[in-house]
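Asks: Just need the structure, nothing else, for what follows:
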Amino acid sequence: MKKIISSISILGIVIFLSNSLGAKTTNITDNITTATDIAAFEIKSMEIDEDGLLNFTTVGESGCIIYSIEQYMINQWVVVKTVEGKGSASENSYTVSVVFNSGKNQIRLKHKGINDKMTRISDPINYESTKRAVKIKESKNNKVIDFTDNTYYVLYNPYGEIVKSGAGKSVDLSSFKKGDYYLVYDNKFIDFEKTKSKIIKGSDKVIKIRKHKRPIRNPYSRYKIN
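Replies: You can find the predicted model right below:
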């Protein structure tokens, strides 16, 4: 009886240590594929009309589906808008307003499922915008960056993490600490420094943005806006 109790105790300790150390347990059903693992809906069509509106149709929707509209900017796909699906198995039509970059644009539609089999990504479509190139206006303080036109932007911290994104004619920086940041807008890239009283703009050359454990060191020199 003592041997049995000792064996049970040792087994309990092994299980406890395994869980504490993050040991992975595998369920025998983990690798079984069922019919529900594969997304049933289909993206039938997708186009941009003369008014610059994105139109797409789907069939076979079921339940809650969230579509991400992604725009290709600075060598990566960026989510610029999300749309909630209608959930109907019959044909569903959508019309969405998108803020395009000046010049060439690439747009695609994505639904991210719980696994790769349930994820749907459309083929990208091209759109040539006639709008003028968006520029940054001269900075008067350290609280805001103003653009010459409406544009979609993505703001990164020194570690390559997105800290703000949106569309508009300005970026409010009043709540951000002093330091280095990276800004993508109108398919352009700049780095800048927010100081105590002003914003110092850096290079507009492209460097690959990715997450880092340490701050990114930009090899390009900065120059003052104001």
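Asks: Show me the beta-bridge partners of the closest residue to residue 45 other than its chain neighbours.
Replies: In space, not counting the residues next to it along the chain, residue 45 is nearest to residue 57; the distance is 4.9 Å by Cβ to Cβ, 6 or more residues apart in numbering. Just so you know, the C-beta spots here come from the backbone N, C-alpha and C atoms, and that holds for glycine as well. Applying DSSP bridges to residue 57 yields these beta-bridge partners: residue 45, residue 93.
Asks: Let me see the confidence value for residue 57.
Replies: Residue-level confidence at residue 57 comes out at 95, pLDDT.
Asks: Could you give me the buried positions within the longest strand belonging to the chain?
Replies: Of all the segments assigned as strand in the chain under DSSP state E, the longest by residue count is strand 144-156. Of the residues in strand 144-156, those buried under the neighbour-count criterion (16 or more other Cβ atoms under 10 Å) are 145, 147, 151, 152, 153, 154, 155, 156.
Asks: what does stretch 47-64 give?
Replies: Judged by neighbour count using 16+ other Cβ under 10 Å, the buried positions of stretch 47-64 are 48, 54, 56, 58, 61.
Asks: Mind exporting the C-alpha coordinates of the longest strand of the chain to PDB?
Replies: Extracted C-alpha coordinates of strand 144-156, given in PDB (Å, rounded to 0.1, in the frame of the first residue of the first chain):
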ATOM      1  CA  VAL A 144       0.200  67.500 -33.900                       C
ATOM      2  CA  ILE A 145       1.400  66.500 -37.400                       C
ATOM      3  CA  ASP A 146      -0.800  68.100 -40.200                       C
ATOM      4  CA  PHE A 147      -1.200  66.700 -43.700                       C
ATOM      5  CA  THR A 148      -2.100  68.600 -46.900                       C
ATOM      6  CA  ASP A 149      -4.900  66.100 -47.500                       C
ATOM      7  CA  ASN A 150      -6.900  63.300 -46.000                       C
ATOM      8  CA  THR A 151      -4.700  60.200 -45.700                       C
ATOM      9  CA  TYR A 152      -4.500  56.900 -43.900                       C
ATOM     10  CA  TYR A 153      -1.600  56.700 -41.400                       C
ATOM     11  CA  VAL A 154       0.100  54.300 -39.100                       C
ATOM     12  CA  LEU A 155       2.300  55.500 -36.200                       C
ATOM     13  CA  TYR A 156       5.000  53.200 -34.700                       C
END
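Asks: Just list the residues touching the closest residue to residue 61 other than its chain neighbours, thanks.
Replies: With Cβ to Cβ, 6+ apart as the measure, residue 41 is the residue that lies nearest to residue 61, at 4.7 Å, once sequence neighbours are left out. Neighbour list for residue 41: 58, 59, 60, 61, 62, 65, 85, 111, 120 [criterion: Cβ atoms under 8 Å, 6 or more residues apart in numbering].
Asks: do the same with residue 182
Replies: Counting by Cβ under 8 Å, 6+ apart, residue 182 touches 155, 156, 157, 158, 160, 189, 190, 191, 192, 209, 216.
Asks: Same question for residue 135.
Replies: In this structure, residue 135 makes contact with 147, 148, judged by Cβ under 8 Å, 6+ apart.
Asks: Could you check the pLDDT of it?
Replies: In this prediction, residue 135 carries a pLDDT score of 91.
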